[in-house]
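>>> need a structure here:
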Amino acid sequence: MANESPNGNGAQQAGPSMNALIQYTKDFSFENPKAPRALSQQAEQGPQMSLQVNVSTSALGDTDYETVLKLEGKAELSGETLFAFDLSYAGVFRLINVPQEHIHPVLVIDCARMLFPFARQIIAEAVRGGGFPPFYVPAIDFAALFHQRMQELQGEQGAVNA
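Take a look at the predicted model:
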C-alpha cells in the first residue's frame, strides 16, 4: 500500500534526477605572448586580472542536454598582457522527471557548478605550465549569475515593449 501512487494504479513515480554522462574540454587556448620576458618581470603590485563567465546549454534529445561553461581571462601588467586563456568546458547531463520550467535553471546553475572545479583545474595547470604561479579562478555563484541574467532579460523586454 505504501508503494502505491495517489492515482491508485500501483506505479510509483520516480523523483527528479540529474546524471552527468560525460565531461570534456570542447575548446581551450592559452597565450603567453611576452614569454620569456614576462616571466622575469617583477612588480610590487600583482597583475590586473579579468575574467568573463558564460554558460550555454543545448538539448541533445528528450532527456539529454549539453552545458558549456566558458571562462575567458587575462592577466595584464602595465598595460601588457602576461597571459590569456579561453576555455570551453562541457558536459552532457541526463535530466529525468525534472519539470520543464526547472530544466534551464538546473542546466545553468547545477550542471555548471558540477563542471566548474574541473575547468578551474585546467586553467590553473595551464597558467602554471606557462611559467606563472597557478591562477585559481575564484568561486562563482552560478545561481546569482542566473538571476542577474534573468533580470537583464526582463529589463530588455520592458525596453522593447515601451
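>>> which secondary structure element contains V53?
Assigned by DSSP states H and E, V53 belongs to strand 48-59.
>>> equivalent analysis for L115, please.
Applying DSSP H and E, one finds L115 within helix 112-129.
>>> strand partners (parallel or antiparallel) of the helix or strand just after the strand holding V53?
Helices and strands here follow DSSP H and E; after strand 48-59, the next one along the chain is strand 64-77. Looking at strand 64-77 with DSSP bridges, its partner strands are strand 48-59 (antiparallel), strand 80-96 (antiparallel).
>>> any chance of a markdown table for those strands, columns mean neighbour count?
(Each C-beta comes from the backbone N, C-alpha and C, glycine too.) What follows is these, written out as a markdown table (neighbours: other Cβ atoms under 10 Å):
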| stretch | mean neighbour count |
| --- | --- |
| strand 48-59 | 14 |
| strand 80-96 | 19 |
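>>> turn those strands into a markdown table, including distance to C111.
Shown next, in a markdown table, are these (distance: least, Cβ to Cβ, whole Å):
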| stretch | distance to C111 |
| --- | --- |
| strand 48-59 | 8 |
| strand 80-96 | 5 |
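>>> and the gap between the closest residue to M18 other than its chain neighbours and P105?
What sits nearest to M18 in space, not counting adjacent residues and going by Cβ to Cβ, 6 or more residues apart in numbering, is L95, at 5.4 Å. From L95 across to P105, the span is 11 Å (Cβ to Cβ, to the nearest Å).
>>> and if you look at P99?
P99 is 10 Å from P105, by Cβ to Cβ.
>>> what does S56 give?
14 Å.
>>> now for the nearest residue to P133 once chain neighbours are set aside: which residues touch it?
Closest residue in space to P133, ignoring its immediate chain neighbours: V127 at 7.6 Å, by Cβ to Cβ, 6+ apart. Neighbour list for V127: 30, 83, 85, 133-135 [criterion: Cβ atoms under 8 Å, 6 or more residues apart in numbering].
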